[in-house]
Structures are given as C-alpha cells and as structure tokens.
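Colleague: Quick check, what structure comes out for this input:
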Amino acid sequence: MSGVGGGCAMQTFRGIPVSPGVAIGRVVLVRDDRHAVSRRAVAAASIADECARLDRAIEASLDELADLRTRAEQELGKEAAAIFAFHQGMLRDPSLINPMREQIEQEKINAEYAVQEQFRVVAGRFAGMGDTAFSTKVDDVWDLDDRVLKHLTGSAPQQQTTVGPNSIIVANDLTPSQAAAFPRGKVLGFVTGRGGATSHTAILARALGIPAAVGAAALTEAAMGGEEVIVDGDLGIIVLRPDADTKAKYARIIERVAALRATVAQSRTLPAQTKDGTSVSLQGNIEFGKEAGAVIDQGGAGVGLFRTEFLWLTSDHDPTEDEQFAEYKSAVEKSKGDPVTIRTFDLGADKLTQAQAMAPERNPVLGCRSIRYSLQNIPMFRSQLRAIMRASVLGPVRIMFPLVTNVSELRQARMILSDVTEELVEEGVPIDRRVKVGIMVEAPSVAVMASSFAREVDFFSIGTNDLIQYTLAVDRTNEKVANLYAGTHPAVIKLIKEVARAARRRGVETSVCGEMAGDATYTMLLLGLGLRTLSVTPNRIPHLKAVVRAVDIGQCELLARRVGSLDSERQVAAFLRSEARKRFPELVDGRTGDEEPD
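Modeller: Take a look at the predicted model:
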C-alpha cells in the first residue's frame, strides 16, 4: 500500500508483519552512517604486527559475542541467542579470516582495510544470491565488520540516535547488535525498509515481544524523527502522522487485545471440545526441550512439532548424540505422558549452519534442505535418530521427516532408522520399537499423492508455510512478492482437503502445524475439512481452545463447503473473516469492528 496525501497529512504504508501487536509512538530514525576505511601502506617489517592486531581484534570480538550470546539467551531466549552463535561461527571460519591475513601480507596494507574488503566480498556474495534467505544475512556481515573494526581502531561507531520513551525505531536496516542494544521499555516497535519474516531483526522483535514490520521501504524515505507513528505488527500496516480518528481506533485495538488475552487465559484448563462434543487436540510447537513445559502450562496436549534444527543453529559445534538426547529427554519428561513429535533437522533454505552460510546455493528453497540435507549427511542423521530412539523409552515419542517429496526419500530415511534401531538393540540400549513415523506434507507432490504416502506412514503433519510457498511459487521471505503469499488461495485449501480425505480413508492421523493452524480465522475451515489436531505456538493454545469451544462441527463443515465454491483468495479471506466475526467476534485478535485504514 503506497503512501497517500503529502506534507503533514496522514500516510499509510504496508510492510511484512513479523512480530504481532500494535504500538503507538514517535519515530526514531536510525541511519546507516558506515564510512569506507582508508587503505594505508604498511612497512614489510610491520606486517607481523599488523596480523597480530587482526588476531587480537578477532579474539576480542569473539569474547564480546560470547557475552552477548549469554545475555541474549538469558533475557530473550535461545532463538535470539542463535544470532550471535551465527556471528561467532563466521568469525571462526578460515574462509573469511585467512583472506584478510593474506591481503595484509601480500599487499602490505593495514588490517582495517583488509577486514572491510573481505566483509564487503562476503556481503556482496549474500546480497547477490537473489534469495532473501541470504540477503537478510547482509546485516550480520556488516555488524561483524563494525565489531572487528571497533577493536582495531579502539573506538565504537558514533551512535546517531537518542532513544526516549515510546520510541518506534525506523531504519532501512538494523543489525542484530543495534536491535539488541536499544533500551528495554523505551522501544515499542521496529520498522525496517528491508528484511523478511526470518531476518534477525524480526527474530529479536518477537523475542522482545514488541510489534514489528519489515520491507516498508517507502516509510523509511517518508518518515522524519519525532513524528507520531502507529505500527500494526499483525497486518504489517504502518500509519505515519495518524489523525485523531485513526489513533483512537488503534488505541481501542490495543485495549481489546489486552482484554482478549485476559479472557482466553481462562480457557487453558477447559477441554478443547466443540459445542457438539467433538474433541480437538491442541498441541504446541517448540524449539528446545524445556519449552514443552510451556505447552502443558497453556493447556496443550503435547508437542506437535519439535523443531530440532535450533539445536544446531544455537550451537558453535555439531551437537553430540548425548547433547541431543538431553534435549529430547527434557521434552518428553516435561510433557508428562503427552506425545512429543520430533521433526528431524530441517536445515537449509533460511535455516543455515555456518558451513551452509559460507557456501550458499543459488536457489536454497529448492536446494539441499530438510530431509535431503540429512540424507546427504548420514553420520549427522544417524546421530540424531539414535538420540531420539534413546528418548523413546521415556514416553510417547514420534519421529517426523521434513519436506519429503517422493517415496524413495521416505523409504531411505526409514531404512536408516531401522538400521539405527537394530544397532541400539545389539548394544543393549533400551528403546521403544513401536515409535510412530510420519512426514511433513509441505510439497504439492506429496499432497497430490497423499493416498500413496498414507500406506507408508503412521501420521501426516501439514506444514502450511512451505505448502503455500511451493504451491503458489512464492518465496515466503521475499517482501517483493509478500502480497501473493496467501493461505486462502483455493489451490492451497484444495490440497489440504485432499490430504485430510486421503488420510481419513487410510486411518492416518493428520495435523496442521503451520501459521494457518494458529490463526483463529482458519479454525472453522480446518475443522470443517476434517482436521482434528492443530499444533501452534504455545501461547496461542488458550486462544484456539476458546474458538473450538465456540463452534460446532456442523457449522464448520457447512463453512468448508461454502469456501470450496469460491475461486479467489480475496473472496475466501473476506468470507472467513466475516464468519469469524459473526460467530466469535471477541476472539478474532481483539480487532472486531476495525477495518484496515484507508
């Protein structure tokens, strides 16, 4: 949505929503004031000293990053801490550091220039990949550049902004260090001109619990420091210089959201059962074992998706079998007898190990990711499967393979699992041989062939984020095509329906674990399509439980049939929103009666 009006008139912009909530505050502009470092000749006798300066700056930077990582984990959680683990990995990578030394030695130049030149090469490599999974890493490169240069020169880059109370940070880009350094309590939200849903600014905003939108380049050009601004992190809308009516409308939304949170919290201990007595299993998505306790605290029925790749992304080394086992053991124990579905590593695309990041693929979303990556790294895969099977005797564990696209991949993965199982039995390690095995339905090829796959698995989990991406040929991290990424597209809904139907015929349990599962406007549709298990962020469980308790299956099936007659995503979205507001207005994100600003 482009800006409207001019001068001091209200303007409305659209970006990509990356952290939910609404904030009203004042613009604080953060400009990119990076300057080029001068090239300086160094005498041959001083080359060794110059290399030693580089080594000291890198070691000091690594020490600083270790402290930042520890603080981030304590205050923001492990996902935010993973950002600084990524930085540590880059600074330890010989393919980055060795060329700096070589340039100093061969060209007899100062360390500062060699550092910035090599970081410029890496930043250009990421930016030129044409995929936001890599382009969003450019900020990390320049963040490291600033950090190392600071230790080489002995001075930090000048801070150009003063952050006061009720600040909304507006920047073309924010480095992770900048985002993490802003004073807590004063910053109410972030807006950046670039970035995607998986950028580190987005991760930090979610960890801080403040609204954020990215990809709003027009706003960063129009905004001036001190101007009033509204950030809607649910819809990705930013209102600059709001008029009195708009400001009052958003103030009401903020009040309603607060009241809604208090209301739905009361549903945590109630059964997830529709008005006509149909039970629905509401499970949680987690990244680390200890988070399984939050699923139970929120009234969930176990872990529907354990994203184990974060064990790699937050570590500066390959997690050992015992380290993995400790995480899985924690999840099983904290689930207190409820099932724990452990997805094998979903690495690649926008989830990069250090080795992957420094050797990027041309098109990573269609490249070596998920189960493909595991099948090309068998020792890593076997280590994980051993750890999972060891945890299986502690409670109900299920294994799920991500992004399977053909039966051969599934059979190969199952064969490796079988080998691991026999190996553990021979070693006398106690395991549960009855562990259920399933797959993520994320590729259209699997959805179309769901009946065939249902003969080979115990359960399906529909990952709507990737299913939408691959069905509609839309990179879900790319702000330029964000408007085309729509779960309401009839093709996506038809695929979900076909998967649910094929699974029901074969008696295969099916869940939904993508973003659609956690959105109240989709709940009736998913139930009407025959789905009875939804796996969501733990804090969404009480909200969805309240929605489930407000409907009956007959209503849901009627709604699903009506949606099946519509032929555009706009029609479907409008219909679902209208029905949700009619049947449970207070549960639709607390925004009842408020339309998007003109």
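Colleague: which strand is the longest one in the chain?
Modeller: With DSSP state E applied, the strand covering the greatest number of residues in the chain is identified as strand 22-30.
Colleague: Just the mean pLDDT for it, thanks.
Modeller: Mean pLDDT, taken over the full extent of strand 22-30, equals 92.
Colleague: could I have it exported to CSV, CA atoms only?
Modeller: C-alpha atoms of strand 22-30 as CSV (Å, rounded to 0.1, in the frame of the first residue of the first chain):
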residue,chain,number,x,y,z
VAL,A,22,0.1,-2.7,17.9
ALA,A,23,2.2,0.2,19.2
ILE,A,24,1.7,4.0,19.0
GLY,A,25,4.8,6.1,19.5
ARG,A,26,7.3,8.5,18.0
VAL,A,27,9.7,7.9,15.1
VAL,A,28,13.4,7.4,16.0
LEU,A,29,15.4,7.3,12.7
VAL,A,30,18.5,5.1,12.6
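Colleague: Which residues does it contact?
Modeller: 160-164, 166-171, 174, 178, 187-189, 210-211, 223-234, 240, 242, 247, 250-251, 253-254, 257 (Cβ atoms under 8 Å, 6 or more residues apart in numbering). C-beta: built from backbone N, CA, C; applies to glycine.
Colleague: For residue 514, see how far away residue 503 is.
Modeller: Distance of residue 503 to residue 514, given as Cβ to Cβ, to the nearest Å: 16 Å.
Colleague: hmm, I was thinking of residue 262
Modeller: 27 Å.
Colleague: out of these two, which sits in the busier spot?
Modeller: For residue 262 and residue 514, the more surrounded residue by other Cβ atoms under 10 Å is residue 514, and the numbers stand at 24 against 8.
Colleague: tell me the domain ranges of this structure?
Modeller: Taking automatic domain parsing as the reference, the chain has its domains at 11-33+159-261, 44-153, 276-514.
Colleague: Turn these into JSON lines, including distance to residue 585.
Modeller: Supplementary listing: the domains of the chain in JSON lines, determined by distance: least, Cβ to Cβ, whole Å:
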{"stretch": "domain 11-33+159-261", "distance to residue 585": "10"}
{"stretch": "domain 44-153", "distance to residue 585": "33"}
{"stretch": "domain 276-514", "distance to residue 585": "20"}
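Colleague: Which one of those domains lies nearest to residue 545?
Modeller: When the domains of the chain are compared by Cβ to Cβ, domain 276-514 sits nearest residue 545, at 5.8 Å.
Colleague: now do the same end-to-end measure for the closest one.
Modeller: Start to finish, the residues bounding domain 276-514 are 26 Å apart (Cα to Cα, to the nearest Å).
Colleague: how about the helices in the stretch 201-350 of the chain?
Modeller: Counting by DSSP state H, counting those that start in this stretch, the stretch 201-350 of the chain has helices at residues 217-222, 244-265, 292-297, 310-313, 321-334.
Colleague: can you state the direction angle for the longest one and strand 22-30?
Modeller: The one in question is helix 244-265. Direction vectors for helix 244-265 and strand 22-30, defined by axes from the mean of the first three to the mean of the last three Cα atoms, to 10 degrees, enclose an angle of 120 degrees.
Colleague: Dump the helices of the stretch 201-350 of the chain into a markdown table; add mean pLDDT as well.
Modeller: A markdown table is the format used below for the helices of the stretch 201-350 of the chain (pLDDT from 0 to 100):
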| stretch | mean pLDDT |
| --- | --- |
| helix 217-222 | 86 |
| helix 244-265 | 86 |
| helix 292-297 | 93 |
| helix 310-313 | 77 |
| helix 321-334 | 96 |
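Colleague: which stretch among those helices comes nearest residue 57?
Modeller: Here helix 310-313 is closest among the helices of the stretch 201-350 of the chain (Cβ to Cβ), at 25.8 Å.
Colleague: Show me what the closest one is packed up against.
Modeller: Helices and strands touching helix 310-313, by 3 or more Cβ pairs under 8 Å, 6 or more residues apart in numbering; DSSP states H and E, are helix 78-91, helix 321-334.
Colleague: list the buried ones in the last one?
Modeller: Going by neighbour count (16 or more other Cβ atoms under 10 Å), the buried part of helix 321-334 is 324-325, 327-334.
Colleague: just the first one next, same as before
Modeller: Residues of helix 78-91 classed as buried: 78-91 (neighbour count, 16+ other Cβ under 10 Å).
Colleague: Using PDB, list the CA coordinates for the next helix-or-strand element following that helix.
Modeller: Remark: after helix 78-91, the chain's next helix or strand is helix 94-107, criterion DSSP states H and E. Coordinates of each C-alpha in helix 94-107 appear next as PDB, following Å, rounded to 0.1, in the frame of the first residue of the first chain:
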ATOM      1  CA  PRO A  94      39.000 -19.800   7.900                       C
ATOM      2  CA  SER A  95      37.500 -18.900   4.600                       C
ATOM      3  CA  LEU A  96      36.700 -15.500   5.900                       C
ATOM      4  CA  ILE A  97      39.700 -14.800   8.200                       C
ATOM      5  CA  ASN A  98      42.600 -16.300   6.100                       C
ATOM      6  CA  PRO A  99      42.000 -14.000   3.100                       C
ATOM      7  CA  MET A 100      42.300 -11.000   5.500                       C
ATOM      8  CA  ARG A 101      45.700 -12.100   6.600                       C
ATOM      9  CA  GLU A 102      46.800 -13.000   3.000                       C
ATOM     10  CA  GLN A 103      45.800  -9.500   1.900                       C
ATOM     11  CA  ILE A 104      47.700  -7.900   4.700                       C
ATOM     12  CA  GLU A 105      50.800  -9.900   3.900                       C
ATOM     13  CA  GLN A 106      50.700  -9.800   0.100                       C
ATOM     14  CA  GLU A 107      49.600  -6.200  -0.400                       C
END
